[in-house]
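Trainee: Below are the sequence and a predicted model; questions follow.
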Amino acid sequence: MFTQMRASASWNVDGPLLWGYFFTSRDRSALETIAPTLAGEGYRVVSIRRGERKSGQSPNLWLLHVEKVERHTPDSLDQRNQAFYALSAKAGNVTYDGMDVGAVQ
């Protein structure tokens, strides 16, 4: 991922970037339970909303989107992902669905 970003992104891959993280569940309350934990760790809760068929998500799923400006290396991003997989497993009925990244506006 970092190699591809370095080759095609217009932003400094090694600097602070806006990282978005996504969690899904069939149970909105499960996402509402982990949202304050993430907010307490400095993540901004962007939304909890229903999945959308047009974007390939099931409308039976709820989606939690959080974001934070962070600086990552491949190793630190892997650690972040592992922590989110663990948080999801601990919460039960929640799946960590991955991330996206963009330049800080």
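Mentor: Received, thanks.

Trainee: switch to C-alpha atoms for all contacts and neighbour counts from now on
Mentor: Will do.

Trainee: nearest residue to the residue nearest the centre of the chain other than its sequence neighbours?
Mentor: Nearest residue to the geometric centre of the chain (CA atoms, centre = their mean): residue 21, 0.6 Å. With CA to CA, 6 or more residues apart in numbering as the criterion, residue 21 has its nearest non-adjacent residue at 4.3 Å, and that residue is residue 99.

Trainee: Count the neighbours of the one you found for me.
Mentor: 15 (other CA atoms under 10 Å).

Trainee: and it, how far is that from residue 71?
Mentor: 14 Å (CA to CA, to the nearest Å).

Trainee: for the residue nearest to residue 21, helix, strand, or coil?
Mentor: strand (DSSP: H, G, I helix; E, B strand; the rest coil).

Trainee: which residues of this structure fall in strands?
Mentor: Here the chain has its strands, by DSSP state E, at 17-25, 44-50, 62-70, 95-102.

Trainee: pLDDT-wise, which helix or strand of the chain ranks last?
Mentor: In the chain, no helix or strand scores lower on mean pLDDT, DSSP states H and E than helix 2-8, which sits at a mean of 88.
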